[in-house]
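[1] from the sequence below, what's the structure:
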Amino acid sequence: MASADDVKKLAALARVSVSEEALPRFVKEFDSILSYIGQIESLALVSDGAPAVPLLRNVFRDDEQPTPPGTNTQALAESFPERKGNALSVKQILIP
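    Numbering: from 1, shown residues only. I've put the predicted structure just below:
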């Protein structure tokens, strides 16, 4: 059970001023917070040596047959309205 001194020390660490009138209310709230944390600590996060929470894993698929570089370059370049070689030619958009 928390005491008024515990709450005063915590308030000093947090650089918060607590009046003597509000001290009993904060002691009660502090106790309820500590009891809630005690409930969380009692949860079984490991069962049979394995974590109850699934481990993170990569959800991306492996690239089993990636497209070789340059396969679609010619088809894309042919669809450009204006081009210079295999590059798309666009109007200048920067103000000189």
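
[2] what is the neighbour count of Ala11?
    Applying other CB atoms under 10 Å, we find 15 residues neighbouring Ala11. Every C-beta, even on glycine, is put in place using the N, C-alpha and C of the backbone.

[3] contacts for the helix or strand harbouring it, please.
    Assigned by DSSP states H and E, Ala11 belongs to helix 4-13. Identification of contacts with helix 4-13 by CB atoms under 8 Å, 6 or more residues apart in numbering yields 17-18, 23-24, 26-27, 30.

[4] kindly recompute the last result at 10 Å.
    Residues from elsewhere that reach helix 4-13, judged by CB atoms under 10 Å, 6 or more residues apart in numbering: 2-3, 16-18, 20, 22-31, 34.

[5] so after it, what's the next helix or strand?
    Toward the C-terminus from helix 4-13 - assigned by DSSP H and E - lies helix 23-41.

[6] helices and strands around that next one, which ones?
    Counting contacts by 3 or more CB pairs under 10 Å, 6 or more residues apart in numbering; DSSP states H and E, helix 23-41 is packed against helix 4-13.

[7] in the helix it packs on, what's buried?
    For helix 4-13, burial by neighbour count (16 or more other CB atoms under 10 Å) applies to Val7.
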